[in-house]
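Asker: Let me see the structure of the following:
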Amino acid sequence: MKATSPPLPTPSALQYAPMPSESPSSSIAVKDEKEKTIPFLRQLTEMLQNNEELISFVPGQRLPDEVIRGRIIVHDRNRVQSEVLPVYFNHASFASLRRQLSYFSFVRVGKSRQSG
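Answerer: Numbering: from 1, shown residues only. I've put the predicted structure just below:
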C-alpha cells in the first residue's frame, strides 16, 4: 500500500515548483573561497521570509515512492506586485518575476482565481 501524505492547501493563488530534474542546491550557490549566492535567489529567499502573508514557500518532501516538490504560493498577486516586488527587485512587474522563476526552472502548476 502506498503511503499518502496530507494534501497541500490549495489557496486561490499562483503556485510554482522547481522542475524535478533540477537539484535546487546546484543552481543556488557557486562554491568559491566562500559561498556566493545568485542575487535573484538571495532576494527571493529574503522576500519569501519577510512576506509570508502575501507570498510563501511550502517545502517539498521526499517519500519512499514519490517526491513532492516545494511550492512558492502567491496569495495576493496585486499586493505582491505593488508592495513587495519594488522592495526586493528593480521592478514591480509580476510578469518579470515569473520570467525569472522560469529561468531558474520553476514551473507554474496552478492558477489563481484573480485575474492576470
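Asker: Buried residues in stretch 61-81, which are they?
Answerer: Residues of stretch 61-81 classed as buried: 69, 71, 72, 73, 74, 75, 76, 77, 80, 81 (neighbour count, 16 or more other CB atoms under 10 Å). C-beta: built from backbone N, CA, C; applies to glycine.
Asker: Among the residues you listed, which lie within helices?
Answerer: When these are checked against helices (DSSP state H), the matches are residue 77.
Asker: quick one: which of the buried residues of stretch 61-81 is nearest residue 93?
Answerer: Ranked by distance to residue 93 (CB to CB), these are led by residue 81 at 7.3 Å.
Asker: since we're on the closest residue in space to the closest one that isn't next to it in sequence, how many residues are nearby?
Answerer: Spatially, and ignoring its direct neighbours in sequence, residue 81 is nearest to residue 94 (4.7 Å; CB to CB, 6 or more residues apart in numbering). For residue 94, the tally of surrounding residues (other CB atoms under 10 Å) stands at 17.
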